[in-house]
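In: Below is the structure, and that's it, no one-letter string:
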């Protein structure tokens, strides 16, 4: 998967991606080792980023870019 240098880079890339696609994310987990973003309830979209042991980078583990929800005219 894609590799990011910091959690800040992951968040900025995710914000840009979701704003372009007009989606509102729901952050499920946001701790030191993982970052999981889902879309609306029932939508299969999922992005999971984790920090491998003894490494300083973050790596995309799961990326399901499939939406069954509608586009939003406003973003959070």
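Out: Received it, and whenever you're ready, just let me know what you need. No experiment lies behind these values; they were computed from the predicted model shown. Residues are numbered from 1 along each chain as shown.
In: Low-confidence bits of this structure, can you list those?
Out: Scanning the chain for pLDDT under 70 picks out 1, 70-76.
In: What segments of it are strands?
Out: For the chain, applying DSSP state E gives strands covering 3-4, 26-30, 34-38, 46-50, 58-64.
In: Throw those strands into TSV and include mean neighbour count and distance to residue 11, thanks.
Out: Glycine gets a C-beta too; all of them are placed from N, C-alpha and C. Below are the strands of the chain laid out as TSV (neighbours: other CB atoms under 10 Å; distance: least, CB to CB, whole Å):
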stretch	mean neighbour count	distance to residue 11
strand 3-4	16	9
strand 26-30	13	9
strand 34-38	19	8
strand 46-50	20	10
strand 58-64	15	10
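In: To residue 19, which of the ones you listed lies closest?
Out: strand 34-38 (13.1 Å; CB to CB).
In: Give the partner strands of the closest one in its sheet and their orientations.
Out: Next to strand 34-38 in the sheet, as set by DSSP bridges, lie strand 26-30 (antiparallel), strand 46-50 (antiparallel).
In: can you tell which of the strands of the chain is closest to residue 18?
Out: Closest among the strands of the chain, using CB to CB: strand 34-38, at 8.1 Å.
In: That closest one vs strand 58-64, what angle?
Out: 20 degrees (axes from the mean of the first three to the mean of the last three CA atoms, to 10 degrees).
In: So which bits of stretch 51-59 are buried?
Out: Residues of stretch 51-59 classed as buried: 51, 58 (neighbour count, 16 or more other CB atoms under 10 Å).
In: same thing with stretch 14-22?
Out: Going by neighbour count (16+ other CB under 10 Å), the buried part of stretch 14-22 is 14, 18.
In: Nice, that's everything, thank you.
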